[in-house]
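Visitor: Below is the sequence, then the predicted model.
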Amino acid sequence: MLTANGQYATIRDDFFSTREGPLADIRLAGTICNACGEPSLGTVPACQNCQSPDLRPATLSREGKLFSYTVVRNRPPGDYKGPDNPFVPFPVGLVELPEGIRVLSVLDCALDEPHVGMAMVLDVYELYRNEEGAPVLSYRFRPATPSTNSEEKR
């Protein structure tokens, strides 16, 4: 079930290239500064590097490399939407895309699987359903080549 206008609901409207069609076709969206080339995730009013307002929209790459990671072992505060009873630890990481931006993301893999430099690929998925029953989309990255000898996936 989509929203009344036939689109997916998303965690943030300006993070995605589209809100329609197959999930595999949806990519992260960003902006690139025409003055200095600095990329940003989502829409920003000015470049975060040089403050120029001269920006262009960009569809970001699906593939990247894991720059750094950690495991979240305690329930995040606030309106947490993940497994909660009981809380399940999960890996998060910074994935560096070819455009030069590092995206903070949940990693869809076993806790012992991530390693720096690992090839990652974008996965757009349904995080939860909103009050109207429409799927709310989020993003995560998963290993480009799944490991066969890692601990059981979360």
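Guide: Yes, it's here. For clarity, every value in this text was computed on a predicted model and none was experimentally measured.

Visitor: Apart from its chain neighbours, what residue comes closest to the residue in the chain sticking out farthest from the centre?
Guide: Distance from the C-alpha centroid of the chain, by Cα atoms, centre = their mean, peaks at residue 35 (26.1 Å). Nearest residue to residue 35 in three dimensions, chain neighbours excluded: residue 52, at 3.8 Å (Cβ to Cβ, 6 or more residues apart in numbering). Every C-beta, even on glycine, is put in place using the N, C-alpha and C of the backbone.

Visitor: Touching, the one you found and residue 33? I think so.
Guide: Yes: the pair residue 52 / residue 33 is scored as a contact, 5.6 Å apart, by Cβ atoms under 8 Å.

Visitor: Where does pLDDT dip in the protein?
Guide: The chain contains residues with pLDDT under 70 at 1-6, 148-154.

Visitor: Which residue ranges of it form helices?
Guide: With DSSP state H, there are no helices along the chain.

Visitor: Compare neighbour counts for residue 52 and residue 33 and give me the winner.
Guide: Remark: of residue 52 and residue 33, residue 33 carries more neighbours, 21 against 13, as counted by other Cβ atoms under 10 Å.

Visitor: who does the more buried one bridge with?
Guide: For residue 33, the beta-bridge partners under DSSP bridges are residue 55.

Visitor: that older thread, what about the residue farthest from the centre of the chain, distance to residue 42?
Guide: Remark: distance between residue 35 and residue 42 (Cβ to Cβ, to the nearest Å) = 19 Å.

Visitor: Also residue 22?
Guide: Separation of residue 22 from residue 42 (Cβ to Cβ) stands at 22 Å.

Visitor: Equivalent analysis for residue 77, please.
Guide: Plainly put, residue 77 is 23 Å away from residue 42 if you go by Cβ to Cβ.

Visitor: Please apply the same query to residue 136.
Guide: 16 Å.

Visitor: which residue is nearest the centroid of this protein?
Guide: residue 139 (3.5 Å).

Visitor: For that residue, list the residues it contacts.
Guide: The contact partners of residue 139, taken as Cβ atoms under 8 Å, 6 or more residues apart in numbering, are 15, 16, 28, 105, 122, 123, 124, 125.

Visitor: Give the burial count for the second one, as a bare number.
Guide: Think residue 16. 22.
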